[in-house]
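In: Model the structure of this input:
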Amino acid sequence: MYSKPKLAIKHQVEDLICFIEKNDFENFKKVIEECPKLIKKTKMDDSEPIIYAIRYGHFKIFKFLIEKLKENNLEIEVLLSYHYLT
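Out: A predicted model of the protein is given here:
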């Protein structure tokens, strides 16, 4: 079970991406609920978590992120290209 580490944002983003890659929805959800600003944080390749959810085909995580973006009045800037869908 994920417990909130006292790490730099960089490490939290890496944890978040790891949860997306593993399709670990429960821990992913817990991190976002504890730190909603991570929704718009990027990794070295400038991809936000929503892009990783698309890339790995994890619809439940994608849908959750869309809902959280709307709740927090954040822009949804998703470019769905063939690269991300394959």
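
In: So Ile61: helix, strand or coil?
Out: helix (DSSP: H, G, I helix; E, B strand; the rest coil).

In: residues in contact with it?
Out: Neighbouring residues of Ile61 by C-beta atoms under 8 Å, 6 or more residues apart in numbering: 20, 23, 25, 28, 49, 53. For every residue, glycine as well, the C-beta is placed using N, CA and C.

In: Then Tyr56?
Out: Neighbouring residues of Tyr56 by C-beta under 8 Å, 6+ apart: 20-21, 23.

In: same deal with Phe64?
Out: Per C-beta under 8 Å, 6+ apart, neighbours of Phe64: 25, 28-29, 32.

In: min pLDDT across the residues you listed, which one?
Out: Checking pLDDT across the contacts of Phe64, the minimum falls on Ile32 at 90.

In: lowest-confidence helix or strand of the chain?
Out: Within the chain, confidence by mean pLDDT, DSSP states H and E is lowest for helix 82-85 among all helices and strands, at a mean of 45.

In: on that earlier part again, in CSV, list the contacts of Tyr56 along with neighbour count, pLDDT and distance to His11.
Out: Putting those into CSV (neighbours: other C-beta atoms under 10 Å; pLDDT from 0 to 100; distance: C-beta to C-beta, whole Å) gives the following:
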residue, neighbour count, pLDDT, distance to His11
Ile20, 23, 94, 15
Glu21, 13, 94, 15
Asn23, 14, 96, 20
